[in-house]
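**Q** how would this look folded up:
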Amino acid sequence: MRNSLCLLVAAFGIALVAGSCGGRNAVRSTDDGGGTEDDAGGTADAPAGGRGGGAGGAAGAGMGGRGGADGGSGPACGAAGQACCPGNSCAANGCCVGDRCVAVGAACGSLPGMCGNGSCGTCGGPGQPCCGASACTAGNTFCATNTCAVCGGAGQPCCDNRVCGGGFVCGGAGRGACAACGGPTQLCCAGNSCTGGGCCVADRCVAGGGMCGTTGGTCNGGTCSGCGAAGQPCCGGVCSASGTTCNNGTCALCGGAGQPCCAGNACGGGLECGGNTCRPCGGATQPCCAGNTCTGGGCCVIGVGGGSCVAGGGMCPGTAGTCGDGKCSGCGSAGQACCAVRRCYGNSVVCAGAGAGTCRTCGGPGEPCCGGNSCTSGCCGDGTCVAALSICSPGGPGACTATGGCTNCGAIGQPCCRGAQDDYCSQSNSVCERQGTNRCVACGQLNERCCAGDVCKAGVCRSGTCRS
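**A** Next comes the predicted model:
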């Protein structure tokens, strides 16, 4: 089941802000920002690039984040200095750098070059090399084999965090592909919605006047006559009315404060799903919203039990310094101590070393691999980036090839390479499957294995698998 970033419009009766659901970068997210279960908005080393939790955001920057409906109740996104909107989108063709928008003509901060039409110098735009090993800075792009590819349109791969453009929904396993939704026989759109008064039955839309399966009655005005509306029995375990969820066999309203979370853990703007209940998020002392976001430039401080927000200008815990523009001043940047749960800010910095660790630049030859085994080029050889044609690591894996695998191991489908401490995979976004096959498999997207370090690019890592 899929949820919308312009969520539950019909259910909540809220008008969408102009520009927040249209334009080139309008997107829909189907899950929360990626991360471990303790760091639900990104990897422990690099917060996710496409937000799942902003509200409407700046005009032209794309749809609001998960559950955002009115553009004002959740963390703002898209303008210079604000969080990137879903799909890496920033207003006026700005650049998404380290999950923050940079205006055209401004320096790209930790990445080389100036921002121009979504690109940072010679990287980050469609068809250009990925920046900092794994980052694409233009809206509706993602890093595929060290090259930024277009995503989010009809038939295209879903953007990071399974985001698609308006009128499409992400279907299929792994990264998935964007498909049209809402019409008869098509997949249901977010919030169980269908166009033209259709009904969502078993995740497919039935046209108005059609039959809702064998026991659901007739579809009329978006609900089935015999089941699926608020207060009615569920239709085979699902509800056909928008803004409802099946709760103990009965369809209940969902997504509002104190209500059950909708499908895909979706909640309305300014709310997040905790314990299957929608609760306020983003304000000082409140839980972080999806994508580890807080309102008003606050900082999401991650702990073992999850994240909570520190107000902008307030003090981050311990020696982490002062909160400003979403970051604690005393940790998380290159050369500083890692923040709690070994977290660093940005796509080109990783937490390295024992104990609490130190944030180090990553992705270049001789540097640590970035999250998901990513390197700017070449291969991730036993935790360190090696250039193409160089030996991956001692012990016989062979040389780094153009695909990111080593000669004898390390690529998806190949055997795992033997490392100094443990077996490893050298290709980006792959992990060693040790339960029987001892081969490298894809990792990081929904329903795939978690990457090394319990990293997910979509969803959170639960019991070794990336889940929504």
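
**Q** and the strands in the stretch 51-200 of the chain?
**A** Residue ranges of the strands in the stretch 51-200 of the chain, as given by DSSP state E, counting those that start in this stretch, are 95-97, 100-102, 115-116, 119-120, 141-144, 147-150, 164-165, 168-171, 177-180, 199-201.

**Q** which residues sit against the second one?
**A** Pointing back at strand 100-102 there. Outside of strand 100-102, the residues within contact range by Cβ atoms under 8 Å, 6 or more residues apart in numbering are 61, 77-84, 90-91, 94-96, 108-109, 115, 120, 137, 325-326. Placement of C-beta: from N, CA and C, glycine included.

**Q** go on, the fifth one?
**A** Strand 141-144 has contacts (Cβ under 8 Å, 6+ apart) with 88, 118, 124-126, 130, 134-136, 148-151, 157, 159-160, 175, 374, 428.

**Q** for that strand, what is the average pLDDT?
**A** When pLDDT is averaged over strand 141-144, the result is 88.

**Q** repeat for the third one
**A** The average of the pLDDT scores along strand 115-116 is 93.

**Q** paired strands for it, with orientation please.
**A** In the sheet containing strand 115-116, the strands it pairs with under DSSP bridges are strand 119-120 (antiparallel).

**Q** average model confidence for the strand it pairs with?
**A** Mean predicted confidence for strand 119-120 is 92.

**Q** any idea how far that strand is from the chain center?
**A** Distance of strand 119-120 from its chain centroid, counting by Cα atoms, centre = their mean, to the nearest Å, is 21 Å.

**Q** which residues does residue 418 bridge with?
**A** Applying DSSP bridges to residue 418 yields these beta-bridge partners: residue 423.

**Q** what of residue 466?
**A** With DSSP bridges applied, the residues forming beta bridges to residue 466 are residue 461.

**Q** separation between it and residue 239?
**A** 26 Å (Cβ to Cβ, to the nearest Å).

**Q** compare neighbour counts for these two and give me the winner.
**A** Set side by side, residue 466 and residue 239 show unequal neighbour counts under other Cβ atoms under 10 Å, the larger going to residue 239 at 32 against 27.

**Q** need the contact list for the more buried one.
**A** Under the criterion of Cβ under 8 Å, 6+ apart, the contact list for residue 239 reads 192, 200, 228, 229, 230, 245, 246, 251.

**Q** what is the neighbour count of the third one?
**A** So the one you mean is residue 228. Summarising burial for residue 228: neighbours were counted as other Cβ under 10 Å, giving 29.

**Q** kindly report the same for the fourth one.
**A** When counting by other Cβ under 10 Å, one arrives at 19 neighbours for residue 229.

**Q** also the fifth one?
**A** The number of residues packed around residue 230, counting by other Cβ under 10 Å, is 16.

**Q** I'd assumed residue 241 was in contact with it.
**A** Yes. Counting by Cβ atoms under 8 Å, residue 230 does reach residue 241; the two are 6.2 Å apart.

**Q** list residues touching both of the two?
**A** Shared contacts of residue 230 and residue 241, defined by Cβ under 8 Å, 6+ apart, are found at residue 251.

**Q** can you redo the strands of the stretch 51-200 of the chain as JSON lines with mean neighbour count and distance to residue 346?
**A** Listed next are those as JSON lines, based on neighbours: other Cβ atoms under 10 Å; distance: least, Cβ to Cβ, whole Å:
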{"stretch": "strand 95-97", "mean neighbour count": "32", "distance to residue 346": "8"}
{"stretch": "strand 100-102", "mean neighbour count": "24", "distance to residue 346": "9"}
{"stretch": "strand 115-116", "mean neighbour count": "22", "distance to residue 346": "15"}
{"stretch": "strand 119-120", "mean neighbour count": "26", "distance to residue 346": "12"}
{"stretch": "strand 141-144", "mean neighbour count": "24", "distance to residue 346": "14"}
{"stretch": "strand 147-150", "mean neighbour count": "19", "distance to residue 346": "17"}
{"stretch": "strand 164-165", "mean neighbour count": "30", "distance to residue 346": "26"}
{"stretch": "strand 168-171", "mean neighbour count": "24", "distance to residue 346": "26"}
{"stretch": "strand 177-180", "mean neighbour count": "18", "distance to residue 346": "27"}
{"stretch": "strand 199-201", "mean neighbour count": "30", "distance to residue 346": "39"}
